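A.B. asks: One predicted model, sequence on top.
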Amino acid sequence: MEKKAFRQHQITQLSQLSEPTRQAQNANLQQQLFASSAWQQAQVVAMTISSAIEVDTQPIIEAAWQAGKQVVIPKTLPHRQMAFMPYTATSELARTKFGILEPVNGTAVAKTAIDLILVPGLGYSRDQHARIGFGGGYYDRYLADYPGVKLTLAFQVMAFDHAEWPVDAYDILLDQLIVAEDGVNNGH
Ligand SMILES: Nc1nc2c(c(=O)[nH]1)N(C=O)[C@@H](CNc1ccc(C(=O)N[C@@H](CCC(=O)O)C(=O)O)cc1)CN2
Ligand SMILES: Nc1ncnc2c1ncn2[C@@H]1O[C@H](COP(=O)(O)OP(=O)(O)OP(=O)(O)O)[C@@H](O)[C@H]1O
């Protein structure tokens, strides 16, 4: 399938996940993430403010704060660039025209200061950790010279043995893929 059709397919799959399945898989992903050494060793962690169909980042943000980690979130810029800004309980957010919440102001944190990036996306391959995102190319550009750990959390419908979409030369492969485990609520 072409990238565009595959994205659409994944968006449909994700929007059809039942609430119990979503909750169980989110909880399992959080458990696995918090047990990982990548998480435990990270002081500065980048993540997004998740939208309804994505893996829920709110509990992860709160856990990071509780653990004394600094949370940084992306602000999209012209020319498909992105900067990560500190995010605290008092940060002001605004919705972009694509419906994503972003920081209004703040000072970008240096790429080299970020220990761990939780990369958002729609699908991932287990064999080479290839990723397909929403199509903006923001993360592929940002990650091209990012030296830290690139990790993704995936619902089961996001994980594929091999990429079922075209993987291009500029697609950045992730370091770690955490997939929600079986045995967690698939029903209802
Ligand atoms: N929660 C969350 N925040 C995130 C991301 C994400 O995947 N999830 N992003 C992950 O990257 C960035 C925003 N990503 C975006 C990805 C695509 C388009 C987009 O498609 N824009 C236009 C133009 C498309 C085109 O040129 O083909 C459009 O929809 O028409 C916008 C933002 C930063 N914040
Ligand atoms: N390093 C790069 N330099 C220049 N252009 C790039 C780079 N990475 C990606 N692009 C461009 O960005 C566009 C979107 O890339 P792609 O379709 O792989 O997005 P995606 O990985 O699904 O989305 P995202 O990274 O925003 O979640 C493509 O047209 C591609 O040419």
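C.D. replies: That came through, no problem. Ligands and ions are numbered 1, 2, ... in the order given.

A.B. asks: So which elements touch the helix ranked longest in the chain?
C.D. replies: Looking across the chain with DSSP state H, the single longest helix is helix 19-35. Under the contact definition 3 or more Cβ pairs under 8 Å, 6 or more residues apart in numbering; DSSP states H and E, helix 19-35 sits against helix 58-66, strand 149-154, strand 176-179. To be clear about C-beta, it is placed using only N, CA and C from the backbone, and glycine gets the same treatment.

A.B. asks: Look at the residue nearest in space to the middle of the chain and give its secondary structure.
C.D. replies: By Cα atoms, centre = their mean, the chain has its centre lying nearest to P120, at 2.4 Å. Classification of P120 by DSSP: H, G, I helix; E, B strand; the rest coil places it in coil.

A.B. asks: how about the residues of the chain near ligand 2?
C.D. replies: 3, 121, 132-141, 144, 170-171 (Cβ under 6 Å from any ligand atom).

A.B. asks: Now do the helices in this protein.
C.D. replies: Using DSSP H, the helices of the chain run over residues 3-15, 19-35, 37-41, 58-66, 138-143.

A.B. asks: Just put these in TSV and tack on mean pLDDT and mean neighbour count.
C.D. replies: TSV is the format used below for the helices of the chain (pLDDT from 0 to 100; neighbours: other Cβ atoms under 10 Å):
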stretch	mean pLDDT	mean neighbour count
helix 3-15	98	15
helix 19-35	98	17
helix 37-41	98	14
helix 58-66	98	16
helix 138-143	98	19
